[in-house]
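Q: what's the 3D shape of this:
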Amino acid sequence: MTTPGLPRPEARIRIGLTLFFGLAACHAWAVKARGGRDLGVLLEAGARALRGEPLYRLSSDTWCFKYSPPVALLVAPVSLLPADVASLALALGSALALVGVFLFASRRTGAQGRPASQILVLALSAPYTLHLLALGQNDGLLVGLAVASESIALLHPGLSGALLALACIVKPPYLLLAALALALGERRRLVGLATGLALAFGATSLRYGFAGLASEMQGWRSLLATTTRPLLCDEQNQSFWAVACTYLARPEDGARYPIVVALASAALVAATAGLVFRAPLREDRRRFLLFSACLYLTAPLSPLGWRTNLLAAVPALFVLVENARDASSARVRRLSWGVIAFALAVQLATYDLVGRRAFFYLLQHRHYALASAIAVVAAFLGAAMAARRSAPALTAAGSRRE
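A: Below you'll find the model as predicted:
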């Protein structure tokens, strides 16, 4: 029962999430992100696109525009705004996107009226979400686009594909979600994706000409080839490429390095896909788990998967938390609570809590990458175990009704 005059639990959660992320965004904007370098790079690229100037210039440091040419055209109108206004708009837009991601995952996991689940996922994802807002980066908007695309995929497949195209233009690893659409046979969604990509590159060719676009694409590839390799083993990198640097092989090892990364990535993909496909799940549940897996994998499979990219794990974290709170199997609940405790202990060992020396030691050992991977695999393992446990009971109940 709800108390008269008070919002329903779902509405209270929506208000709470909006206040939390909104205040965090405003605080970060006022204290840290205002005039941040990440946004400055994008705004400068947008200004170059308006002037028709070359987009890719290798500066003396790593702060240079590394996105595809259509991204510069996409942010060109924003570059006309004062920098403070643009950074505040990005902060508030990121906050709203994070609220949308939490609400989407809540509804798909049955946690929409459970404040404790929201708080647990907020704690598990805090190293990503708060860092994102502090730096003024765009990963929240990209995850929000992916979630928006998935939420309307069945009702409006063409528009869903176009939204996914926007995310793919900014971060090509989001094409993993296109692979999911292909596996599910969603032709109209794929047409929307292809149309969106064609329109984006077509608009860029109108600004630069076909020869100019080809030149910019070559400049983009050359810049990535020059700047990516030195950052593969950077302590801030939390991708599988960086995990390999610490534990398995390094770029200077030649062909061994990409082979090791490919094998480790294939193992994670096979583990998540195998758990989801082999479990006796309802189709809507299977689809959500597959989407959550693909969304999460955009972070560790990207060569430069930073800490903020790992907020793509939020839907899978909701699965983990709901396994811990509501699974019919005691083994699943114990496993999930143990992984939650481990992930909280590891991921909340932040700079402010453990000090600079210990924090960078942990970064070099990829504690964010490993903790998130363990949490995600545990979420899918728990979901598969719970589905297998409940399947015989559901079958028996169906037989009795017949």
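
Q: most centrally placed residue in the protein?
A: residue 312 (2.3 Å; Cα atoms, centre = their mean).

Q: Isn't it up against residue 143?
A: Yes. Assessed by Cβ atoms under 8 Å, residue 312 is found in contact with residue 143 at 5.4 Å. (Each C-beta comes from the backbone N, C-alpha and C, glycine too.)

Q: Which residues are in contact with each of these two?
A: Listed contacts common to residue 312 and residue 143 are residue 295; contacts here mean Cβ atoms under 8 Å, 6 or more residues apart in numbering.

Q: who touches the spatially closest residue to residue 178 that is not a sequence neighbour in this structure?
A: Closest residue to residue 178 apart from its sequence neighbours, by Cβ to Cβ, 6 or more residues apart in numbering: residue 193 at 5.7 Å. Counting by Cβ under 8 Å, 6+ apart, residue 193 touches 161, 162, 164, 165, 168, 178, 181.

Q: how near is the first one to residue 282?
A: Per Cβ to Cβ, to the nearest Å, residue 161 is found 25 Å from residue 282.

Q: swap in the last one?
A: From residue 181 across to residue 282, the span is 20 Å (Cβ to Cβ).

Q: more crowded one of the two?
A: For residue 181 versus residue 282, the count of surrounding residues by other Cβ atoms under 10 Å is larger for residue 181: 24 against 10.

Q: Could you tell me what pLDDT the model assigned to the more buried one?
A: Predicted confidence (pLDDT) for residue 181: 95.

Q: can you list the contacts of residue 193 in TSV and add distance to residue 130 and secondary structure?
A: Listed next are the contacts of residue 193 as TSV, based on distance: Cβ to Cβ, whole Å; DSSP: H, G, I helix; E, B strand; the rest coil:
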residue	distance to residue 130	secondary structure
161	32	helix
162	31	helix
164	27	helix
165	29	helix
168	26	helix
178	30	helix
181	32	helix
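
Q: residue ranges with poor pLDDT in the protein?
A: 1-7, 32-36, 59-62, 391-402 (pLDDT under 70).

Q: at 80 what do you get?
A: Counting by pLDDT under 80, the chain contains low-confidence residues at 1-9, 32-38, 57-63, 351-353, 389-402.

Q: can you give me the strands for it?
A: Under the criterion DSSP state E, the chain contains no strands.

Q: I'd like to know how many residues surround the residue nearest to residue 194 when sequence neighbours are not counted.
A: Using Cβ to Cβ, 6+ apart and skipping residues adjacent in sequence, the residue nearest residue 194 is residue 161, 7.5 Å away. Neighbours of residue 161 under the rule other Cβ under 10 Å: 27.

Q: Could you do residue 274 as well?
A: 12.

Q: which residues touch residue 212?
A: With Cβ under 8 Å, 6+ apart, residue 212 has these contacts: residue 205.

Q: Let's see that with 10 Å instead.
A: 52, 54, 69, 204, 205 (Cβ atoms under 10 Å, 6 or more residues apart in numbering).

Q: Next, the contact list for the second one, please.
A: Read it as residue 54. 48, 208, 212, 215, 216, 219.

Q: could you measure the last one against residue 75, distance?
A: As defined by Cβ to Cβ, residue 219 lies at a distance of 17 Å from residue 75.

Q: More neighbours: which of these two?
A: Higher neighbour count among residue 219 and residue 75: residue 75, with 24 against 17, using other Cβ under 10 Å.

Q: and the more buried one, what does it touch?
A: 39, 41-47, 49, 65, 67, 86, 90, 138, 170.

Q: swap the cut-off to 6 Å and go again
A: Contact analysis of residue 75 by Cβ atoms under 6 Å, 6 or more residues apart in numbering lists 42, 46.
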